[in-house]
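In: fold the following for me, if possible:
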Amino acid sequence: MLSHALRLKRPEDFQTVRRRGKRQREADFTLYALPNGLAHSRYGIVVSKRIGTAVIRNRVKRRLRAAIARWLPQLASGYGYDCVVVMNPSAAQATHQMLEAVLGRAFQELGLFADGNKEVST
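Out: Numbers count the residues shown, from 1 in each chain. The predicted model follows:
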């Protein structure tokens, strides 16, 4: 899972990343990334009530946190990014494998992998 030290918590941080960060739109979510000046990256997840009931929203968040944790070893270390993932309603039907693959592709498009031209494979 994703440790609490790697999570964005303050609303101001979410707003800053969404306003000033680079954006990558996908079918199930939009990923925003902004350099944070830290040695590690932090991640925030936004899931609105349009996604579904609390059970569905929490399931989507758990799946996304697991997908982020899967890509952590391949993400660039030494300099960090603040990343915010805003989920779309279609994410409620997405499987864990689908979210993981699309998230890897989004990380690659934004150049967040340690090796900039790394192939995304699941």
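In: from here on, contacts and neighbour counts on C-alpha atoms
Out: Fine.
In: remind me, longest helix of this protein?
Out: In the chain, assigned by DSSP state H, the helix with the most residues is helix 54-71.
In: which other helices and strands contact the helix or strand just after that helix?
Out: Remark: after helix 54-71, the chain's next helix or strand is strand 81-87, criterion DSSP states H and E. Contact partners of strand 81-87 among helices and strands, from 3 or more Cα pairs under 8 Å, 6 or more residues apart in numbering; DSSP states H and E: helix 11-20, strand 29-35, strand 42-46.
In: residues in contact with the most centrally placed residue in the chain?
Out: Nearest to the geometric centre of the chain sits residue 85, at 4.5 Å (Cα atoms, centre = their mean). Counting by Cα atoms under 8 Å, 6 or more residues apart in numbering, residue 85 touches 29-32, 43-46.
In: returning to what we had before: just the helices and strands packed on strand 81-87: most buried one?
Out: Stretch with highest mean neighbour count among those: strand 29-35 (a mean of 22; mean count of other Cα atoms under 10 Å).
In: restricting to C-alpha, output that one in CSV.
Out: Coordinates of each C-alpha in strand 29-35 appear next as CSV, following Å, rounded to 0.1, in the frame of the first residue of the first chain:
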residue,chain,number,x,y,z
PHE,A,29,-8.8,9.8,-14.6
THR,A,30,-6.8,13.0,-15.1
LEU,A,31,-3.2,13.1,-13.6
TYR,A,32,-1.6,16.4,-12.6
ALA,A,33,2.1,16.5,-11.6
LEU,A,34,4.1,19.4,-10.2
PRO,A,35,7.8,19.3,-9.0
